[in-house]
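> sequence below, structure please.
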Amino acid sequence: MAVKRTIALLTMLLLVLPAWQGSVHGATVSEYQIKAAFLYNFAKFVEWPAAAQKGSNDFKIGILGEDPFDEEIGVIETKLVRGKPLKILRAYSLSELHGCRVIFISASVKSQLADILERLKAQPVLTVGDTSGFARQGVMINLIAVGNKIRFQINSNAADRAGLKISSHLLRLATIVE
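Okay, the predicted model is just below:
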């Protein structure tokens with residue numbers, strides 16, 4: 001039942017919500033509120049290796065570089081992921097994001113992307129970005145604006161190398177990038 005609700009929410013986000021400054025039931029929804037909701041749902045549709053799930057009392061999402069979410073990430077900060085409270089970490093150094101299962105790579109660190117991905121290679125960390133070309137360069141999920149909607153690309157080879165299994169439900173909604 002919870003999976004059906006999550007699929008319905010994700011589908012709604014993909015197909016109904018405008019990309020930014022839209023209105024949902026009279027409330028303004030920003031681009032980064034929608035992207036924060038995507039981050040939360042991505043965490044629910046990815047399976048990490050068993051060893052990566054042990055030892056932590058919370059589910060950490062890291063933001064590497066300048067934080068484009070600002071306060072918008074607050075829409076997910078009170079949520080649970082896999083029964084654990086969600087914790088958002090912000091840092092300019094990858095070493096400060098140790099223990100994160102998801103790392104959002106900001107456009108501000110684009111020049112360091114190759115080094116970041118090399119350091120994360122084969123680690124069970126879901127990488128997410130929203131910068132043109134990131135998926136082709138090895139970021140696992142890249143959020144993109146298409147018209148007035150937010151869509152996403154998935155680099156399934158990068159996820160496979162890290163030992164992550166992305167749900168077929170998520171793969172069906174994405175543009176696959178090799």
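> low-scoring stretches of this protein, by residue?
1-27, 52-53 (pLDDT under 70).
> next, the one residue sitting closest to the centre of it: phi, psi?
Using Cα atoms, centre = their mean, the residue of the chain that lies closest to the mean C-alpha position is residue 39, 3.5 Å off. The phi/psi pair for residue 39 (degrees, to the nearest 10) reads phi -60, psi -50.
> in the protein, which spans are strands?
22-24, 27-29, 46-47, 59-64, 80-81, 84-91, 102-105, 126-129, 141-146, 149-154, 165-166, 175-176 (DSSP state E).
> residues contacting the residue nearest to residue 141 when sequence neighbours are not counted?
In space, residue 141 comes closest to residue 128 once its chain neighbours are excluded; the distance is 4.7 Å by Cβ to Cβ, 6 or more residues apart in numbering. No exception for glycine: its C-beta is placed from N, CA and C like everyone else's. Applying Cβ atoms under 8 Å, 6 or more residues apart in numbering, we find residue 128 in contact with 39, 42, 102, 103, 104, 105, 139, 140, 141, 142, 143.
> bridged to the third one, which residues?
For residue 102, the residues forming beta bridges with it (DSSP bridges) are residue 61, residue 126.
> what's the burial count for it?
Other residues within reach of residue 102, judged by other Cβ atoms under 10 Å, total 25.
> again with residue 69
22.
> quick one: contacts for the closest residue to it other than its chain neighbours?
Spatial nearest neighbour of residue 69, chain neighbours left out: residue 32 (4.7 Å); criterion: Cβ to Cβ, 6+ apart. Contact partners of residue 32, counting by Cβ under 8 Å, 6+ apart, are 68, 69, 70, 72, 73.
> now the residues you listed in a markdown table, with distance to residue 51?
A markdown table is the format used below for the contacts of residue 32 (distance: Cβ to Cβ, whole Å):
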| residue | distance to residue 51 |
| --- | --- |
| 68 | 31 |
| 69 | 29 |
| 70 | 34 |
| 72 | 33 |
| 73 | 28 |
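> thanks a lot, catch you later.
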